[in-house]
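Asks: prediction below, plus the sequence it came from.
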Amino acid sequence: MDFVLSKFSPNIHESIYLKNPETSELGGKILNSSVDLIEELGFENFNFKKLGLRIQATEASVYRYFDNKHKLLLYLSSWYWGWIEYKITFKNNNISDPVLRLTNAIDILVFSDDNDMRLGLIDAQKLFKIIVAESSKAYLIKDVDLWNKDGVYYNYKQLVAKISRIIHEINPEYPYPHMLITTVIEGIHHQIFFSHHLKSLTDQVDGENSILVFYKNLIFSQLHLK
């Protein structure tokens, strides 16, 4: 998987950025160091001035790539969702059983495969921590409807649609595939966050990945699978 994923290039909507950061050395530094800084400081304490200092560039040079830090977070989130969709596609290549394909998708959503921690410009492990803690801030904003019209949530929607189609293969009569998958994705992130910071809000059973087990049980019981 490492060799194939090393060729991954995200299909990110152009309205998210002013200049594609993957097309220049400075843009690569912006992506790499923004992941480091957001993971280190948190999104609230992160800004382009601090990013400029980290990459030894001016704050204005960062603004040539992104209008604001929310657009940068949206870029990183879109990169992540595109990467997850790519991994699911690769993992499920030549697998005809939709139940197995759904199982693989859940495994990947919980990030249980850690053979590809760094992919080019992005440290995937740090990015995953950002997604868990910060990704909802990319759409829980006042301008969500305007941004949605611009197509900036394309990658997240594509991922949800891909997994929803698998659910439809398993049970064509199930009426809530998109709702189920977004509940699972967001719930996984919440439970991972709780397991690190608010332990009384989640459950951990010794000897198992309780989050993975719980969400597999949730999905399969909804679809009336054992």
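Replies: Nice, I can see it. Remember, it's a predicted structure, so these values are computed and weren't measured experimentally.

Asks: run the chain-centre distance for the lengthiest helix in the chain.
Replies: Taking DSSP state H as the criterion, the chain has its longest helix at helix 69-91. From the chain centre to the centre of helix 69-91 is a distance of 5 Å (C-alpha atoms, centre = their mean, to the nearest Å).

Asks: for stretch 36-46, same thing?
Replies: Distance, centroid of stretch 36-46 to centroid of chain: 17 Å (C-alpha atoms, centre = their mean).

Asks: quick one: average pLDDT of it?
Replies: Mean pLDDT, stretch 36-46: 96.

Asks: hey, C-alpha coordinates of it in PDB?
Replies: C-alpha atoms of stretch 36-46 as PDB (Å, rounded to 0.1, in the frame of the first residue of the first chain):
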ATOM      1  CA  ASP A  36       2.700  20.500  12.800                       C
ATOM      2  CA  LEU A  37       1.500  23.800  14.200                       C
ATOM      3  CA  ILE A  38      -2.200  23.100  14.400                       C
ATOM      4  CA  GLU A  39      -1.500  19.700  16.000                       C
ATOM      5  CA  GLU A  40       0.900  21.400  18.400                       C
ATOM      6  CA  LEU A  41      -1.100  24.600  19.200                       C
ATOM      7  CA  GLY A  42      -4.700  23.800  18.400                       C
ATOM      8  CA  PHE A  43      -6.700  25.600  15.700                       C
ATOM      9  CA  GLU A  44      -7.700  28.500  17.900                       C
ATOM     10  CA  ASN A  45      -4.100  29.500  18.700                       C
ATOM     11  CA  PHE A  46      -2.900  28.900  15.200                       C
END
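
Asks: so which bits of it are buried?
Replies: Along stretch 36-46, these residues count as buried under the neighbour rule (16 or more other C-beta atoms under 10 Å): 37, 38, 39, 43, 46. (Each C-beta comes from the backbone N, C-alpha and C, glycine too.)

Asks: residue 95: neighbour count?
Replies: Residue 95 is flanked by 12 other residues according to other C-beta atoms under 10 Å.

Asks: in JSON lines: the buried residues of stretch 36-46, plus secondary structure and distance to residue 18.
Replies: Formatted as JSON lines, these follow (DSSP: H, G, I helix; E, B strand; the rest coil; distance: C-beta to C-beta, whole Å):
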{"residue": "37", "secondary structure": "helix", "distance to residue 18": "20"}
{"residue": "38", "secondary structure": "helix", "distance to residue 18": "19"}
{"residue": "39", "secondary structure": "helix", "distance to residue 18": "24"}
{"residue": "43", "secondary structure": "coil", "distance to residue 18": "20"}
{"residue": "46", "secondary structure": "coil", "distance to residue 18": "19"}
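
Asks: and of those, the nearest to residue 124?
Replies: residue 39 (11.5 Å; C-beta to C-beta).

Asks: by contact count, what packs against the longest helix of the chain?
Replies: helix 2-5, helix 25-41, helix 98-109, strand 122-123, helix 124-134, helix 154-170 (3 or more C-beta pairs under 8 Å, 6 or more residues apart in numbering; DSSP states H and E).

Asks: just want the angle from it to helix 154-170.
Replies: Angle, helix 69-91 to helix 154-170, by axes from the mean of the first three to the mean of the last three C-alpha atoms, to 10 degrees: 30 degrees.

Asks: what mean pLDDT does helix 69-91 get?
Replies: Averaging pLDDT along helix 69-91 gives 93.

Asks: list the buried residues in that helix.
Replies: Those would be 69-88, 91, for helix 69-91 by 16+ other C-beta under 10 Å.

Asks: nice, that's everything, thank you.
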